Structures are given as structure tokens and as C-alpha cells.
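J.: heads up, no residue letters with this:
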């Protein structure tokens, strides 16, 4: 996810642009940090769920193969 997308969504949700030390208007840096942490945690959660599903499926396949022997 890129910075522009995060900015667009944040603005849609009511965040406001603030003047930055260089004079530009942008979201405060902590908004991007917050979004990055949420994105990373979501990825971790999704991958963990996927891993659990694969483990279950692998176990079912092992059981089916054992029954065929």
C-alpha cells in the first residue's frame, strides 16, 4: 500500500492535512506509521490463518493417504 493511498483514505475518513516542517501540507508522519502497523498486523493475521488452514488440509490429506495404504 503506498503513501498516496493511505493519505486518500485518511482524508476520506476525516483526517486533516497539517503544515509540515518543510512548509508542505501533509498528514502528520504518525498517521503513516499507524497505517503501516495496522497493515502489517493484518498481514500477519491473514498469513497465520492461512497457515492454520494449510495445516488442517495437510492433516486431512495425510489421513486420506494412510487410509489408502
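T.: In hand now; what should we look at? The structure presented is a predicted model; accordingly, all values stated were derived computationally and were not measured.

J.: need phi/psi at the residue nearest to residue 19 when sequence neighbours are not counted.
T.: Spatially, and ignoring its direct neighbours in sequence, residue 19 is nearest to residue 25 (6.0 Å; Cβ to Cβ, 6 or more residues apart in numbering). Glycine gets a C-beta too; all of them are placed from N, C-alpha and C. Main-chain torsions, residue 25, degrees, to the nearest 10: phi -100, psi 120.

J.: neighbours around residue 25, how many?
T.: The number of residues packed near residue 25 is 9, by other Cβ atoms under 10 Å.

J.: before we move on, what about the one 3 residues further on?
T.: By the criterion of other Cβ under 10 Å, residue 28 has 13 neighbours.

J.: so what does it look like in phi/psi?
T.: Dihedral pair for residue 28: phi -60, psi 150, per degrees, to the nearest 10.

J.: equivalent analysis for residue 19, please.
T.: Taking degrees, to the nearest 10 as the convention, residue 19 sits at phi -70, psi 130.

J.: before we move on, back to that, the residue nearest to residue 19: what's it in contact with?
T.: 17, 18, 19 (Cβ atoms under 8 Å, 6 or more residues apart in numbering).

J.: against residue 58, how distant is the second one?
T.: What that stands for is residue 18. Separation of residue 18 from residue 58 (Cβ to Cβ, to the nearest Å): 50 Å.
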